[in-house]
Each structure stands twice: as structure tokens, then as C-alpha cells.
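A.B. asks: Need coordinates for the below:
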Amino acid sequence: MGREARERRFRRWGHQPGWVLPRAIFATLAFFPKAPQKRPKADFVTFSKANLGGSIIRHLRDANRPFTNAEFAGSEISIESQSMWTDRRLLDLFGIAHPIVQAPMAGAMDTALAVGVARAGGLASLPGGMLSHEQLRDQTEKFRAEAPGKPLNLNFFTHKPPVHNNARANAWHNKLVPYYEEFGLDSNVQVPTRNRAAFDGTMCTVVEQLKPEIVSFHYGLPEATLVKRVKDAGCKIIASATTSDEARFLEDNGCHAVIAQGVEAGGHRGMFLSNEITTQLGTFALVPQIADAIELPVIASGGIGDARGVAAALLLGAAAVQIGTAYLFCPEAKITSPHRTALKSGGATVLTNVLTGRLARGFVNRIIRELGPISDTVPDFPLASAALAPLHEKAQAGGSGDFSAMWAGEAAPLGIEMPAFELTQALAEGAQDLLRKTGKN
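C.D. replies: Residues are numbered from 1 along each chain as shown. Predicted coordinates for the structure are as follows:
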């Protein structure tokens, strides 16, 4: 599908007034029963166009008119201008206007994207798993300066430190030697492990000082003493679950909300109680199961690329959605040229472990085709990526993503290019239109 066709479709489903919902899809959405609310819902709140900003509303209805910096700066969403969402559990818990969480995408974003989402009323996230303490402080302070008063989610990995295995390391090295020789690289040069540090006491001290409103974890939770310290600092805690068992574990161990990560999601799988990929569920099978299994609010993640996905997830019992791939299309995203080209082409994605040593979904490239997608010789996460680093740099210098991690979810073909602020507003308004037509909002 070409760019113009995708933009027409997005305007139709995302935020254009006056469109008619196709009968079959309307019937499907109307059929979904709203999951029973386990907590009282707040009263219906009227949406104020005046508070939203008339110029923003007009712009969302005219995708051909450029979006000006003056309009952007003067159109931030305040908590007082709450919109028409009927399930307010996460809106009130996080202090946001819309149930949209921007996924923390390590290596693919910085504060620019997060600020746009926050100003539009969504929950902004910054990935801390690949940042030094100083870099995390700098990005957090910059966010606070550019989006004052807006809540922030800081995200961290909680994987177990890898144990070096000489046999697997040598086997992986031998598989990569032909590629090193092809590019004229010395395969015997020691390459330092890439920085994907697990959350520890030192980073917890940084969190206690920065005091983000929300802290999220991937691959389970850190040890109980660290969880307590984070909560004592006043932070709300959320984490990813890929099964109902994982969701119950997170509920029992201190989380305030759970991210239900379907198998369609881009990036690394958050699996932590099992490594069995064949039993992983899709988002729209997983969300209602987790919503029924726990009392906490559920955040749906995976395969949600437009307003239809947002509305469907909420109808299935989610209190919010987490979106990543759609935000990679934004000009604020810090992705490589080959990655952006892959997004525009709408190519196939696959679950693979050859790029980092842990299962993740991304675009198929040469290294995945030739050595994967799944290999039993890959060193444990994150050791595998270190050996690939020289190949990644050499290929990138020639404009190729053959050895790069280009993460994306299965909804990538739904994405279009627009700023993060505008995308967040379009998703929110489009989902509200759909929910109104079903009588669920």
C-alpha cells in the first residue's frame, strides 16, 4: 500500500469526521461485551474542545494543512480537560488524559518523541536499559524542562546477568567468521559487550533521586528489596506479562498495572516464567484472559497500530494500550535509514534470537535469513549483539541493515508518518469515535 493510500485510510479510521463505519466491523465491535469492571468507574466527563485547542481540532480534520509550532506549543492537554474515556483507572493512576502509553524503545528514541506524546495527553516513556546513569539523568531533566508537569515512565531491563559459555561463544564466533572476512574485518578482535544492564541497586538510587511517576520493567521484576525502594520513592510500577501466570506473578509482587504483551508486539518478548514461544498468545486472545485473571488494570500491547486497535483493546477489557511501532514512523524517532525504509516498505517481521540472544520481533534481514530466525548456538542475552556490532557498523556505513536489529511489530503496515503529538491525538480521537458508535463510551 502506497503512502497516500495509507494516509487516506488512517484519516478515515483515525480522526476524520463524517466517515461511516463498515457494517461488518461495526457489528463485530458492537458484539464485544465490555469486560466487567472490577473497580468503580468515575462519572462520565464531557470533552472540551475549548480546552483541547480549536486549532488542533481543525488540524486533525485537515491533514493537508501544515501543523505549526505555535499551535503545538499552545495546545498541551491539561488534566482538567479530561476526555470521554469511561474507564478512568489508569488515567487517574498515571495522571494522563488519554489511555495511550508510548512504548519505551531502547536505541530508537529520546526525549523528543516522549515530549510530543506527553503534551498530547498520553504517557511518555524513556528507555533506561541502554543508558548510563548520567545519560538517564540528562534525558529526564530535559523531559521535565520541555514537558513540565507531565508524568514520565522510566523503563528498565530485569534479565539475569548472562553466564559466559565458551562452547556457545566459539560456535557463534565460527558462524560469523565468513561475514567478517567478507567485510575485511578481523574476527579475532575482542568486542566489548553492548550496554544492556539489568536494573540494580545503583540504578535504583538514580530512580529514587529522579522520582519518575512510573517505573516499568521488562523480563519480570527486580528483587523485592528494589521493588520496595521504587515504591517508597512514590513511583507506580508496571511490567510486561505474556501469560496469565506472569500477570498473576506481577500482581502478587507489587505492580500497580500489568502490560499484556501479545506475540505481535515488536521488540523483545517480556517472557520471564517460560521460554516456550510456541504457546505465546496474540494480543486479542491474551488481553481478556489477563483481565479476567487479575484485579489490576491491564495495558494491551502488540499489534495495535491505529484507532481500531485501540478501541478493540479497550472493548476486550484493557484500561489502556501501549503502542511502539506506530511511533517509529514519527520524525522524532531516532532510527537508522535502513530501519525507516523497512517500515515504509511494510515488509515481514519475525521472532528471532540471532540479534541479541533473546526472542524479539523485527524485520527480516540477511543475518536472520541466513542464521535464523532461531539459533541454538546464540550466546545468552545480551552477549550475542557484541559479536555482531562490527558487522552492524560496517553494513550501516554502506546504507544496509543486513546485520542490524530493526524492531517492529506486526501492525507496521498500518503506520503513517506524522509527529508524535499529532499521532497521539489522532489515535485518541479516532478510538473515541469508534467507541461512541458502539455505545461503549
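A.B. asks: backbone phi and psi for residue 302, please?
C.D. replies: Main-chain torsions, residue 302, degrees, to the nearest 10: phi 120, psi 120.
A.B. asks: Residue 407 now?
C.D. replies: Here is the backbone geometry of residue 407 (degrees, to the nearest 10): phi -70, psi 140.
A.B. asks: Contact partners for it?
C.D. replies: 105, 108, 266, 267, 268, 360, 361, 362 (Cβ atoms under 8 Å, 6 or more residues apart in numbering). Using the backbone N, CA and C atoms, a C-beta is placed for each residue, glycine as well.
A.B. asks: Could you identify the most distant pair in those?
C.D. replies: 108 and 361 (13.6 Å; Cβ to Cβ).
A.B. asks: What are the structural domain limits within the protein?
C.D. replies: 3-159+196-335+413-438, 162-185+347-405 (automatic domain parsing).
A.B. asks: Check those for me and report the most buried one.
C.D. replies: domain 3-159+196-335+413-438 (a mean of 20; mean count of other Cβ atoms under 10 Å).
A.B. asks: how long is stretch 218-227 from one end to the other?
C.D. replies: In stretch 218-227, first residue to last residue: 13 Å (Cα to Cα, to the nearest Å).
A.B. asks: Repeat that for stretch 86-101.
C.D. replies: 17 Å.
A.B. asks: Show me how far that stretch is from its chain's centre.
C.D. replies: 17 Å (Cα atoms, centre = their mean, to the nearest Å).
A.B. asks: Same check on stretch 413-426?
C.D. replies: For stretch 413-426 - counting by Cα atoms, centre = their mean - the centre lies 14 Å from the chain centre.
A.B. asks: thinking again about what came up before, tell me the one of the contacts of residue 407 nearest residue 349?
C.D. replies: After measuring the contacts of residue 407 against residue 349 - Cβ to Cβ - the closest member comes out as residue 361, at 5.2 Å.
A.B. asks: any idea whether that closest one is helix, strand or coil?
C.D. replies: Using DSSP: H, G, I helix; E, B strand; the rest coil, the structure places residue 361 in strand.
A.B. asks: Any idea what it is bridged to?
C.D. replies: residue 267, residue 351 (DSSP bridges).
A.B. asks: so it sits right up against residue 266, yeah?
C.D. replies: Yes: using Cβ atoms under 8 Å, residue 361 makes contact with residue 266 at a distance of 5.0 Å.
A.B. asks: so what sits against both of those two?
C.D. replies: Joint contacts of residue 361 and residue 266 (Cβ under 8 Å, 6+ apart) are 349, 407, 408, 409, 410.
A.B. asks: Pull the most distant pair out of those.
C.D. replies: Maximum distance among these (Cβ to Cβ): 11.8 Å, for 407 and 410.
A.B. asks: okay, and the common contacts of the two?
C.D. replies: 266, 361.
A.B. asks: would residue 341 count as being in a helix?
C.D. replies: Yes: counting by three-state DSSP, residue 341 falls inside a helix.
A.B. asks: how close does the closest residue to it other than its chain neighbours sit to residue 335?
C.D. replies: Distance criterion Cβ to Cβ, 6 or more residues apart in numbering; nearest residue to residue 341, sequence neighbours excluded, is residue 401 at 7.8 Å. Using Cβ to Cβ, to the nearest Å, we find residue 401 at a distance of 10 Å from residue 335.
A.B. asks: repeat for residue 103
C.D. replies: Taken as Cβ to Cβ, the span from residue 103 to residue 335 is 13 Å.
A.B. asks: out of the domains of the chain, nearest to residue 341?
C.D. replies: domain 162-185+347-405 (7.8 Å).
A.B. asks: can you list the weak-confidence ranges in the stretch 101-250 of the chain?
C.D. replies: By pLDDT under 70, the weakly predicted segments of the stretch 101-250 of the chain are 192-195.
A.B. asks: Need the phi and psi values for residue 306.
C.D. replies: phi -150, psi -170.
A.B. asks: Now do it, the pLDDT please.
C.D. replies: On pLDDT, residue 306 comes in at 97.
A.B. asks: these two touch, right, it and residue 428?
C.D. replies: No: assessed by Cβ under 8 Å, residue 306 is found out of contact with residue 428, at 11.7 Å.
A.B. asks: Report all helices and strands that the longest helix along the chain contacts.
C.D. replies: Longest helix in the chain by number of residues (criterion: DSSP state H): helix 420-438. Judged by 3 or more Cβ pairs under 8 Å, 6 or more residues apart in numbering; DSSP states H and E, the packing partners of helix 420-438 are helix 3-14, helix 23-31, helix 54-60, strand 100-102, helix 111-119, helix 307-315, helix 325-328.
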